[in-house]
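Asker: Based on what follows, work out the 3D shape:
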Amino acid sequence: MIDCAVWWATPVPPAGEFLALLDDVERQRYGAYRREADQRRFLTGRVLAKTLAGERLGLDPGAVRFDATCADCGKHHGPPRLPGMPLALSISHSGDRVGIALTGGAPVGLDVEAVTRKADDGLIEYALSDAERSAVASLTATERGAAFFTYWSRKEAILKATGRGLRLPLRGITVSGHAEPARLVAAEAGEPSPARTRLADLAPGADYRAAVAVLTSQEITVTERWWS
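Answerer: Take a look at the predicted model:
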C-alpha cells in the first residue's frame, strides 16, 4: 500500500518570512511573474512544499533545495524534485487553491482546476478522447464544464506523474467516466500502463476539480488536509 498525502492551502501574502524560503533561482521566477496573484500562487507552492518536505526529511524548510531543471531545455522551470531523497512531490495551483501531493518515492502528479472557466468545443476537442466526448455531448453547459474539468484534472495528474507533461497528447489518454471512480482506462502505445497507474479524485472545495495520480501497481491511500 502506497500512502499519498495531499495538502491544500490558499495563497499566502508576500511576507518576509515566506520570501526568505526562496533560493536565488526561485526568487528570479517569483519576480518574473507580472501579476501578484501568480506570484502568490508560486510562492505558496514553494513554501508549502519546503515546509512539508522539511518535516518529512527532518530539515529546516530553508534548507530544502529543489532541482527544477527542465528536461527539455535545461532551464529551471520544471517540476521540483529532490534527487536522492525518499520523497516525491507534485505542486499544482488554480484560482484560490494551491496543493501539494507527497509520497515516499513513488512518482506522483497532482492537478487542480477551477471550473469557472468555460469548456468550449475547441478545448473539449483538444483534450478529450472519442469516448469522453461522447459522454459529455448530451450534458447541459454547466454539467459539461464540471465533467470536462474532472477529465482534465485526472489527465493532467497522470501526465505530471510521468514527468512528460503535455509531450503526451491528452486525447491519447482515456480515463473513467466523470461520474465514476477515477481510473486510467487506456493510453496510446500502452504508456502509462493502467496496471501501473493509480488515480483518485480529490475535494479541494466548491468550484474546483482535482485529482492525484501515482505510478505504482500497488493500491494507494490518499489523505487530504488543509495547511495554515
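
Asker: was I right about Ile2 contacting Thr223?
Answerer: No. Assessed by Cβ atoms under 8 Å, Ile2 is found out of contact with Thr223, at 11.9 Å. For glycine as for every other residue, the C-beta is placed from the backbone atoms N, C-alpha and C.

Asker: Have a look at the two and say which one is more surrounded.
Answerer: Between Ile2 and Thr223, counting by other Cβ atoms under 10 Å, Ile2 is the more crowded of the two (18 against 9).

Asker: List the beta-bridge partners for the more buried one.
Answerer: Under DSSP bridges, the beta-bridge partners of Ile2 are Ile220.

Asker: Tell me who's in contact with it.
Answerer: For Ile2, the contacting residues are 103-104, 106, 198, 214, 216, 218-221, by Cβ atoms under 8 Å, 6 or more residues apart in numbering.

Asker: same thing with Pro11?
Answerer: By Cβ under 8 Å, 6+ apart, Pro11 lies in contact with 37, 40-41, 43-44, 93, 96, 98.

Asker: On the three-state scheme, the residue nearest to it when sequence neighbours are not counted is what?
Answerer: Residue nearest to Pro11 in three dimensions, not counting chain neighbours: Arg40, with 3.9 Å by Cβ to Cβ, 6 or more residues apart in numbering. Secondary structure, DSSP: H, G, I helix; E, B strand; the rest coil: Arg40 is helix.

Asker: hang on, the earlier thing: could I get the contacts of Ile2 as JSON lines with pLDDT, distance to Lys118 and neighbour count?
Answerer: Shown next, in JSON lines, are these (pLDDT from 0 to 100; distance: Cβ to Cβ, whole Å; neighbours: other Cβ atoms under 10 Å):
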{"residue": "Thr103", "pLDDT": "97", "distance to Lys118": "34", "neighbour count": "23"}
{"residue": "Gly104", "pLDDT": "96", "distance to Lys118": "39", "neighbour count": "13"}
{"residue": "Ala106", "pLDDT": "96", "distance to Lys118": "35", "neighbour count": "16"}
{"residue": "Arg198", "pLDDT": "98", "distance to Lys118": "31", "neighbour count": "23"}
{"residue": "Val214", "pLDDT": "98", "distance to Lys118": "31", "neighbour count": "27"}
{"residue": "Thr216", "pLDDT": "97", "distance to Lys118": "35", "neighbour count": "19"}
{"residue": "Gln218", "pLDDT": "97", "distance to Lys118": "38", "neighbour count": "10"}
{"residue": "Glu219", "pLDDT": "96", "distance to Lys118": "36", "neighbour count": "9"}
{"residue": "Ile220", "pLDDT": "97", "distance to Lys118": "33", "neighbour count": "18"}
{"residue": "Thr221", "pLDDT": "98", "distance to Lys118": "35", "neighbour count": "10"}
